[in-house]
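In: Okay, predicted coordinates and the sequence, questions at the end:
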Amino acid sequence: MKKAVLFDMDGTILDTLSDLRDSINAVLEMNGFPVHSTDEVRSFVGNGLRKLAERAVPAGTKPGTIEKVYCDLLAYYQAHCMDSTKPYPGIPELLRELRSRGCRTAVISNKADAAVRELDARFFAGCFDGELGARDGVRLKPDREMADIVLAQLGVPAAEAVYVGDSEVDLALAANAGLDCVAVTWGFRERSVLENHGAEKLADSPEELLRILLA
């Protein structure tokens, strides 16, 4: 068993897709743009709200307009990030079990740091030893910087930690940071996508994930 487990947030421990879809669509409507389906928004997420805004606007949108959509999205999502969001079934129990066995836990996300902390406090109070979202001056996943910061906070080397995520971004982060990785299949990417991006360990349920992490 590793000394620490680092988790992605969206699509891994929290089902945030409905709130992300509703937020980007509300902002698109406010700016006179067409909205997107759930599946389209699912394909846009994973690299933070700025990239979500960039991918959601029509091709050829001017940079200044994209920046406005991003700023509108940042404000709107902050106010609505808990409308429909909820933990995936079994995740709170998994976190408590890991901590009962002395494992350090943390969450790393490309969503805004304030939203990460708000969601953590609402749904996972006392479950994490560290948390980090998007901040000025910190490179986003898949760059390794966020993982390095959190591992330093935990006092655990990469060789003694594992990363859990649901997307190709998470797989790339783990590779860049020298972390073992487990990909979960209940999130924003299909199993085939994860396998095509090099996933070797996959979990179809929190119960299976726990067995892998405890092995």
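Out: Perfect, I can see it now.
In: Please count neighbours and contacts with C-alpha atoms only from this point.
Out: Fine.
In: which residues of this protein score low on pLDDT?
Out: Within the chain, not a single segment meets pLDDT under 70.
In: domain ranges for it?
Out: Per the record, the chain has its domains at 4-15+86-214, 17-80, by automatic domain parsing.
In: any chance of those domains in a markdown table, with mean neighbour count too?
Out: Formatted as a markdown table, the entries for the domains of the chain read as follows, by neighbours: other C-alpha atoms under 10 Å:
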| stretch | mean neighbour count |
| --- | --- |
| domain 4-15+86-214 | 19 |
| domain 17-80 | 17 |
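In: can you give me the offset of the strand of greatest length in the chain from its chain's centre?
Out: The single longest strand within the chain, with elements called by DSSP state E, is strand 104-112. With C-alpha atoms, centre = their mean, to the nearest Å as the basis, strand 104-112 stands 7 Å off its chain's centre.
In: Alpha carbons of it, as CSV, please.
Out: The C-alpha coordinates for strand 104-112 follow below in CSV (Å, rounded to 0.1, in the frame of the first residue of the first chain):
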residue,chain,number,x,y,z
ARG,A,104,-2.4,10.4,3.4
THR,A,105,-4.9,11.8,0.9
ALA,A,106,-5.1,14.9,-1.3
VAL,A,107,-7.1,16.3,-4.2
ILE,A,108,-5.6,18.1,-7.2
SER,A,109,-7.8,19.8,-9.8
ASN,A,110,-7.6,22.2,-12.7
LYS,A,111,-10.8,23.9,-11.5
ALA,A,112,-10.4,27.2,-9.6
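In: the helices in this structure, which residues?
Out: 17-30, 38-44, 49-56, 63-80, 91-100, 113-123, 145-154, 168-177, 191-196, 206-214 (DSSP state H).
In: ok, and the closest non-adjacent residue to residue 42?
Out: Nearest in space to residue 42, with sequence neighbours left out and distances taken as C-alpha to C-alpha, 6 or more residues apart in numbering, is residue 188 at 5.9 Å.
In: Would you confirm that the one you found contacts residue 168?
Out: No. Assessed by C-alpha atoms under 8 Å, residue 188 is found out of contact with residue 168, at 10.0 Å.
In: List the residues that contact residue 109.
Out: 8, 9, 10, 116, 132, 133, 134, 141 (C-alpha atoms under 8 Å, 6 or more residues apart in numbering).
In: That should have said residue 78, apologies.
Out: residue 115.
In: how far away is the residue lying closest to residue 206 once chain neighbours are set aside from residue 204?
Out: Counting by C-alpha to C-alpha, 6+ apart, the nearest residue to residue 206 once its immediate chain neighbours are dropped is residue 90, at 5.7 Å. Residue 90 sits at a distance of 12 Å from residue 204 (criterion: C-alpha to C-alpha, to the nearest Å).
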